[in-house]
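Asks: Got a predicted model here, sequence first, then my questions.
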Amino acid sequence: MNPEDLLAAMEATWPTARTFRAGPWMIRDGAGGGKRVSAATAEAAWGEDDLAMAEAAMAALGQAALYMIRAGDEALDRALASRGYAVVDPVVLYAAPLATLAQTPPDPMSSFAHWPPLAISARLWADAAIGPARLAVMERATGPKTAILARSKDQPAGIAFVAIAGGTAVLHALEVAPRQRRQGCARNILRAAAGWAQGQGADRLALAVTDANAPARRLYSSFGMAAVGYYHYRQK
């Protein structure tokens with residue numbers, strides 16, 4: 001799977017509130033839903049004078065000036081660095097065929113798919129600072145979607161959101177309660193997500209994780225997921 005297709009699936013499954021063009025830029029109104037739905041991207045040839053246009057458009061939305069830097073955006077990366085923009089949250093994109101991931105389903109009592117999110121699901125997300133603005137992002141996703149709730153020792157332990165676009169199931173907002181970590185909850189969520197997505201007709205599972213999150217990256221690699229792309233943000 002190429003990074004461009006994966007980024008398109010991520011945008012469809014974690015949608016911004018509104019997008020519009022300002023010259024060569026795609027401006028995203030994230031409505032408080034996080035960096036991915038708020039970052040501007042270059043969609044056409046640009047010049048140094050065009051940077052002020054993007055900054056003004058983001059300021060008009062009440063958002064900090066923030067750009068997503070993808071493969072091919074090296075010139076933009078250098079230009080922003082020279083203007084005092086710092087690198088924020090380098091991200092690695094992972095993907096794998098569902099035929100591989102769905103071979104070992106989790107114990108039915110360990111995790112289950114449901115939509116809309118249960119109150120306990122929303123509470124787990126809220127405890128991880130995923131509040132109403134990000135729940136609104138999930139509501140905006142128009143394709144098949146679900147929440148995956150994990151349990152450990154008869155207690156709710158973890159939660160994730162999964163949605164499908166173009167045959168790709170993308171997992172977002174995976175969180176495990178601190179007291180329940182290292183008990184297999186994340187593995188059960190991945191297996192349950194794969195099984196649900198396969199039942200919905202998807203053929204691959206993908207996700208994004210910060211480069212600094214080494215334990216999560218080891219987990220995804222152990223499931224046979226491969227790094228297929230990278231991006232980072234530049235923020236003043």
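Replies: Yep, it's here.
Asks: Can you tell me the element the residue nearest to Asp211 when sequence neighbours are not counted falls in?
Replies: Closest residue to Asp211 apart from its sequence neighbours, by Cβ to Cβ, 6 or more residues apart in numbering: Pro90 at 4.2 Å. All C-beta spots, glycine's among them, are computed from the backbone N, C-alpha and C. Using DSSP states H and E, Pro90 maps to strand 86-97.
Asks: Buried residues in that strand, which are they?
Replies: Buried residues in strand 86-97, defined by neighbour count with 16 or more other Cβ atoms under 10 Å: 88, 91-96.
Asks: ditto for stretch 68-77
Replies: 68-70, 73, 76-77.
Asks: Among those residues, which lie within strands?
Replies: Counting by DSSP state E, those place 68-69 in strands.
Asks: In TSV: the buried residues of stretch 68-77, plus distance to Ala113 and pLDDT.
Replies: Shown next, in TSV, are the buried residues of stretch 68-77 (distance: Cβ to Cβ, whole Å; pLDDT from 0 to 100):
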residue	distance to Ala113	pLDDT
Met68	30	98
Ile69	34	98
Arg70	31	97
Asp73	36	98
Leu76	39	98
Asp77	39	98
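Asks: Isn't the residue nearest to Asp211 up against Arg234?
Replies: No: contact criterion Cβ atoms under 8 Å: Pro90 and Arg234 do not qualify, at 10.9 Å.
Asks: ok, and what's touching the lengthiest helix in the chain?
Replies: Longest helix in the chain, counting residues (DSSP state H): helix 185-199. Contacts of helix 185-199 with the rest of the structure, by Cβ atoms under 8 Å, 6 or more residues apart in numbering, involve 98-99, 101-102, 104-107, 110-113, 146, 148, 150, 152, 157-160, 162, 164, 169, 171, 174, 176, 205, 216, 219-220, 223.
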